[in-house]
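[1] How does the following fold in three dimensions:
(2 chains)
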There are 2 protein chains.
Amino acid sequence: MTTRPLEGKTVIDLTTALSGPYATLLLAGLGARVIKVENPTRGGDTSRNNSPYVTEGGLSLSRTSDDDMSVSMMLRGRGKESIALNLKDPEHRDVLLDLIKSADIVVDNYSAGVTKRLGIDYETVRPLNPKIVYTSISGFGATGDHGDRKAMDTIVQALSGVMTTAGEPGEPPVRFGLPVGDLVAPLFAVIGTLSAVLQAEHTGEGQHVDVSMLGALTSLVACEPFDALESVGFPLRTGAYVPRLAPFGTFRAIDGWFAVTAPTDQFSASVLKAIGRSDLLGGAEFGSRDARVANADRLHGLIAGWAAERTLNEAMASLSAHGAPAAPVRSTAEAVRDPDVQQRGEVVPLVHPKFGHFDGLYGSGLPVVFSGKPSDLSGPAPKLGEHTDAILRELGYDEERIASLRLERVG
Amino acid sequence: MTTRPLEGKTVIDLTTALSGPYATLLLAGLGARVIKVENPTRGGDTSRNNSPYVTEGGLSLSRTSDDDMSVSMMLRGRGKESIALNLKDPEHRDVLLDLIKSADIVVDNYSAGVTKRLGIDYETVRPLNPKIVYTSISGFGATGDHGDRKAMDTIVQALSGVMTTAGEPGEPPVRFGLPVGDLVAPLFAVIGTLSAVLQAEHTGEGQHVDVSMLGALTSLVACEPFDALESVGFPLRTGAYVPRLAPFGTFRAIDGWFAVTAPTDQFSASVLKAIGRSDLLGGAEFGSRDARVANADRLHGLIAGWAAERTLNEAMASLSAHGAPAAPVRSTAEAVRDPDVQQRGEVVPLVHPKFGHFDGLYGSGLPVVFSGKPSDLSGPAPKLGEHTDAILRELGYDEERIASLRLERVG
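    Numbers count the residues shown, from 1 in each chain, chains lettered A, B, ... in the order given. So this is what the prediction gives:
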């Protein structure tokens, strides 16, 4: 197979910040051409102005030259082209409409209502291109009565209930440092987009695909029947251990932490052997799941006591020698450097368009290994407006019109 | 539009537990016919044996009759058909191969290597149906040298680095109660599947789609340049507050918690007004982002002090009256009952095939609102083997063969 799944498809990318750009990044990785529309009067995508920056001399808190690029943009802009358009200017809006006429997909993450005010919403562009798939990511969705309520990731985490799934009962809510609200919505947006494109190929009709950050994260929360579990006595917040699956949890070795997940008879026996307590095998206290749940505190205490006198390597060696499911708790820095993960392209080196790869800087890959042509997120991000002229020429605009649009600050 | 995106497509579902069944649940929601293959000698999908169960009298820790169904299966089995096959039996394996001949998609979540041992891997079935898209979800992917290493969600969380993105520096790792490892891999599996189906429509060629739980979650971790941020002095673990975005974090009111995310000048001014400190507006201490970062502790302290003397409703009323981005921290039970979220079908009531909706039991919807025909996850889950005979008849098997297969414990 010599092509990637979305080769030949064009995406008009009206997104900014994280959630929308991550969706179009994945589409680029799948082979689509992504044309990123950026407002030059505001410095383009807000990610361009997130510290830190990669400069010729390395990472810096602030920009030192025009060639410097924020790490956020290096990550999220990969493989995209940039055209600078101020959509409040009617002439520039017309350029966008021309682009949409021959595109397959539009993605936006404006607050609900903004595309309508700009005259670029689905209902407006549909007559120009009935096959277009137009995907909107917003905080609370295009329906409902949320107005332009702000939906930063932490707001969505708070409303979705996820903050109460970590920690112990009575403890403060736990904010996850990974912005799951920002990152999960684009995954559903890509699922919706691909589904609608597949349908459009058959019917010739596109549609609007509307994804809410709150809805996306809450739907994941609703994948676990937390209510039902609590009502039969399995509390949601159990801290480091999960007594109903004992032995199960995170344990501290001398120089680090590890996780153990051994809810079955077989695995819990492996754990007992690994911690040198074969004498307890087959005994009434830990011999069955019910018994282990009833004696979970003692079982977890035995493992914790054993771990406290061993290095992480010693603990892991003994657990894996006995076939007990266990793993070290890694830092994010260790995790993104996992050789298998890098070899599979799930994490890839980041490349600055001028300075190349800055040692130690990695970004997300597309974590799908196709037996056909592999996905690709190895390219650099564009400078603001880098492709403006080329794209306008492709639209068939003459040099005069291009010059006039440029005067109007297209790029 | 009168059809859903995947209507007319058939998925052969070889998955069990959470990660795989969630992928095929989403495909069912998109309109595909999902035929779930379950091993009757082991009681089918392991989710069928997860306590609690919905019984005629309500939730119960254990089964009371043959009609009882686990909440996990009610959630994950929705809209699927069930055929009981023991794939270690060559006759039953032949039934599976017959099913695959006329299907579009296969999804499995066996440990790497198992499909090959069973003689049902992609390379084996491809000659029977070159257009088939065969998606595998495993702990560490089909490549690499992980053998049948177990990858429960907590193991994947530990290895991916996410456990070190919450809490304070030096604190123990934080396990997220939401099984993000189990839930993120299927989203990428669906993205890979839809991409490959789209390509197969054009080329007539399917392919193998290989998704690793560790790779999927680690790729999300790599969406944030944690390393780069740390190396310029923005620590990863900052607990309840994020000083570099101050005012930003979770605060305790008298009767609950709320989140504030106000990193811009405009939003931070709204917060100061909301907490009755207009006197500080425009002052040197909090007037610019740099100043707020430098004085973050005091700024967060002022908000915390104000919050401590107010109810959650009072605090939220004042913050929203002044346009400050804020939201209450909700429990998972509150979150899944959000009327807007339910109205958008992002969370839906769960239905028992015999007892109907059990009040208060909700499950994930498909959080994509299509302007065409809506997705649908409202149907019940099947009993183990419920559709065995009907599916065998559809394959054109005569009653004698069906009876003989049934003797061999097909269902």
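[2] where do the helices sit along the stretch 251-400 of chain A?
    Using DSSP state H, counting those that start in this stretch, the helices of the stretch 251-400 of chain A run over A:265-274, A:289-294, A:296-307, A:312-321, A:332-336, A:339-343, A:388-394, A:399-407.
[3] could you dump these to CSV with mean neighbour count?
    Placement of C-beta: from N, CA and C, glycine included. Output for these, formatted as CSV (neighbours: other CB atoms under 10 Å in any protein chain shown):
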stretch, mean neighbour count
helix A:265-274, 21
helix A:289-294, 16
helix A:296-307, 18
helix A:312-321, 17
helix A:332-336, 21
helix A:339-343, 17
helix A:388-394, 17
helix A:399-407, 13
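[4] Least reliable of those helices by average pLDDT, please.
    Note on the helices of the stretch 251-400 of chain A: lowest mean pLDDT is at helix A:399-407, with a mean of 88.
[5] which helices and strands does that one pack with?
    helix A:90-101, helix A:388-394 (3 or more CB pairs under 8 Å, 6 or more residues apart in numbering or on different chains; DSSP states H and E).
[6] Ok, which of these comes nearest B:Glu56?
    helix A:90-101 (55.3 Å; CB to CB).
[7] Can you tell me what sits against the closest one?
    Under the criterion CB atoms under 8 Å, 6 or more residues apart in numbering or on different chains, residues A:12, A:35, A:37, A:83, A:85-87, A:106, A:118-120, A:125, A:128-129, A:132, A:391-392, A:395, A:405, A:408, A:410 lie in contact with helix A:90-101.
[8] Any part of the next helix-or-strand element following it near chain B?
    Per DSSP states H and E, the first helix or strand lying C-terminal to helix A:90-101 is strand A:105-108. No. On the criterion CB under 8 Å from any CB of the partner chain, strand A:105-108 is out of touch with chain B, staying 11.9 Å away.
[9] and the next element down the chain from strand A:105-108?
    In the C-terminal direction from strand A:105-108 (assignment by DSSP H and E), the next one is helix A:114-118.
[10] Quick check: pLDDT value at A:Gly282.
    In this model, A:Gly282 is scored at 85, pLDDT.
[11] What distance do you get for it to chain B?
    22 Å (CB to the nearest CB, to the nearest Å).
[12] Buried ones from the contacts of helix A:90-101, can you make that a ChimeraX selection?
    If you want just the buried ones from these in ChimeraX, going by 16 or more other CB atoms under 10 Å in any protein chain shown, the selection is:
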select /A:12,35,37,83,85,86,87,106,118,120,125,129,132,391,392,405,410
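[13] for chain A, what's the longest helix?
    helix A:180-203 (DSSP state H).
[14] does that one come close to chain B?
    Yes. Interface with chain B: helix A:180-203 contributes A:180, A:183-185, A:187-192, A:194-199, A:201, A:203 (CB under 8 Å from any CB).
[15] same thing with stretch A:320-335?
    Yes. With CB under 8 Å from any CB as the criterion, chain B is reached by stretch A:320-335 at A:325-335.
[16] Of these, which pair is most distant in space?
    A:Pro325 and A:Ala333 (24.1 Å).
[17] Which of the three states applies to A:Val34?
    strand (DSSP: H, G, I helix; E, B strand; the rest coil).
[18] what number of residues lie near it?
    28 (other CB atoms under 10 Å in any protein chain shown).
[19] Same question for A:Arg149.
    18.
[20] Secondary structure of it: a helix, I assume?
    No. Counting by three-state DSSP, A:Arg149 is not part of a helix but coil.
[21] thought it was touching A:Gly139?
    Yes. Assessed by CB atoms under 8 Å, A:Arg149 is found in contact with A:Gly139 at 6.2 Å.
[22] Close to chain B: what parts of the stretch 251-400 of chain A are there?
    Counting by CB under 8 Å from any CB, the stretch 251-400 of chain A sits next to chain B at A:252, A:257-259, A:261, A:267, A:325-336, A:338, A:340-341, A:343-344, A:346-347, A:360-372.
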